[in-house]
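1. predicted model and sequence below, questions to follow.
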Amino acid sequence: MRVLVVDDHPLLRQGLSDLLGALPDVEAVTTVPDGSGAAAAAVDGAVDVVLMDLSMPGTDGLVATREVVAARPGARVVVLTTFAENDRILAALDAGAVGYLLKDAEPEEIIRAVRDAAAGHAPFSARAAAALVAERRPRAAAPETAPGTGPVDRVGPADVLTAREREVLALVATGLPNKSVARRLDISEKTVKAHLTRVFTAIGVGDRTSAALWAQRHGLTHDADL
């Protein structure tokens, strides 16, 4: 796997390069200081995943994302930024990004996101996923177009999920990361991940965002003890 880091902060670029470059499945990490050179670097480096900052001098991350996707369609762009507002998230997705992380993410979350993106998944930070849930809540009544729709979407959560799985999903849908869910329920983070794997299969979705939308449609977030 080849990774490109696009960010105007040299310490962050170096830190991400060191973090990802030490992984056995990462062949190379290229870094560029702004969006203007991102597309060329993506092509020259034959990159698989791009970590893209949004706010940079000159060419910003949205423009750079469009250019990268156009120049190297196989590259998977994951935004890495400090902004969690709906309009920025949706703009990034419209530009061609497949994931959205915040810069306060733990190193393990960044590593997982890069690997997930390379595998064809759509990694989102918990806060970004929660923001999308809030944005789409008024449209949640469209059962044939919303993610997670299908035969299982027409039955209640109690029909397809255990009580513990419903608890885990309800907390995830409010934007909590796995570590916080584990702490709240007094279980291990590994157990949370196992529950989520089962939840995704049971309700017919492939990522946290779609699962959160499903939970919102079925009123599970109302039961989360915040």
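-> Yep, it's here.
2. all strands for this protein, in order.
-> 2-6, 28-32, 49-52, 76-81, 99-102 (DSSP state E).
3. same list (the ones you listed) but as JSON lines, adding distance to residue 170.
-> Glycine gets a C-beta too; all of them are placed from N, C-alpha and C. Output for these, formatted as JSON lines (distance: least, C-beta to C-beta, whole Å):
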{"stretch": "strand 2-6", "distance to residue 170": "34"}
{"stretch": "strand 28-32", "distance to residue 170": "38"}
{"stretch": "strand 49-52", "distance to residue 170": "31"}
{"stretch": "strand 76-81", "distance to residue 170": "27"}
{"stretch": "strand 99-102", "distance to residue 170": "22"}
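4. and those: which comes nearest residue 185?
-> Counting by C-beta to C-beta, residue 185 lies closest to strand 99-102 out of those; the figure is 23.4 Å.
5. send me the closest one as CSV with only the CA atoms.
-> Backbone C-alpha positions of strand 99-102 (Å, rounded to 0.1, in the frame of the first residue of the first chain) are rendered in CSV as follows:
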residue,chain,number,x,y,z
GLY,A,99,-13.7,9.1,4.4
TYR,A,100,-13.5,11.8,7.0
LEU,A,101,-11.2,11.9,10.1
LEU,A,102,-10.5,14.6,12.7
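6. helices or strands next to that strand in the packing?
-> In terms of contacts (3 or more C-beta pairs under 8 Å, 6 or more residues apart in numbering; DSSP states H and E), strand 99-102 is packed against strand 76-81, helix 86-95, helix 107-118, helix 126-136.
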